[in-house]
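> Following is a predicted model, sequence given first.
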Amino acid sequence: MKESLLSVVQLKKALSIRSRIDKLDAKISLLQKQLQGALGKTAVAPKAKARRRRGRVKKSRRGSLKLLLVKVFKKSGKPLHIDAILKQLKAVGYHTSSKRPKNQLNVRLYSDKDIVKTAPGTFYLKSLVSK
């Protein structure tokens with residue numbers, strides 16, 4: 001069985017496309033609400049830009065959390081415990097205003113389909129796991 005590996009460039013492109021899709025979905029939703037309001041169902045004013053929630057990750061000059069995770073895992077060459085992942089992320093330029101960055105990282109690691117849990121609290125990229 002041939003395993004396909006994605007390069008960093010391909011991952012960046014996929015992330016960029018996903019981001020554009022999410023933005024377009026939000027615009028479609030807003031336009032649908034405005035259309036319903038215009039047709040007389042309810043008057044809906046366009047929403048003001050959402051306020052930034054506390055704990056959100058600031059845009060890093062080095063890339064998104066996903067890209068930095070890929071970089072950390074590829075550099076290590078082995079599964080890492082969440083504490084080691086956080087330490088390596090900070091070393092490559094990750095910063096957040098969250099008071100609990102470990103919890104924030106935990107959510108990302110458990111919810112990302114490209115990252116697998118190899119042991120309790122230990123994770124690795126799905127594409128790099130030997131079968």
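Cool, the structure landed.
> Now the helix ranked longest in the chain: average pLDDT?
If you go by DSSP state H, the chain has its longest helix at helix 8-38. Averaging pLDDT along helix 8-38 gives 87.
> residues of the following helix or strand past it that come out buried?
Toward the C-terminus, helix 8-38 is succeeded by helix 65-76 as the next helix or strand (DSSP states H and E). Buried residues in helix 65-76, counted by 16 or more other C-beta atoms under 10 Å: 65, 66, 67, 68, 69, 70, 71, 72, 73. C-beta coordinates here come from the backbone N, C-alpha and C atoms, glycine included.
> Quick check: buried residues in stretch 22-41?
residue 33.
> Check stretch 109-128 too.
Buried residues in stretch 109-128 (16+ other C-beta under 10 Å): 109, 115, 116, 122, 123, 124, 125, 127, 128.
> and the chain, what are its domains?
Listed by automatic domain parsing, the domain ranges of the chain are 1-50, 51-131.
> Comparing those, which yields the minimum mean pLDDT?
domain 1-50 (a mean of 78).
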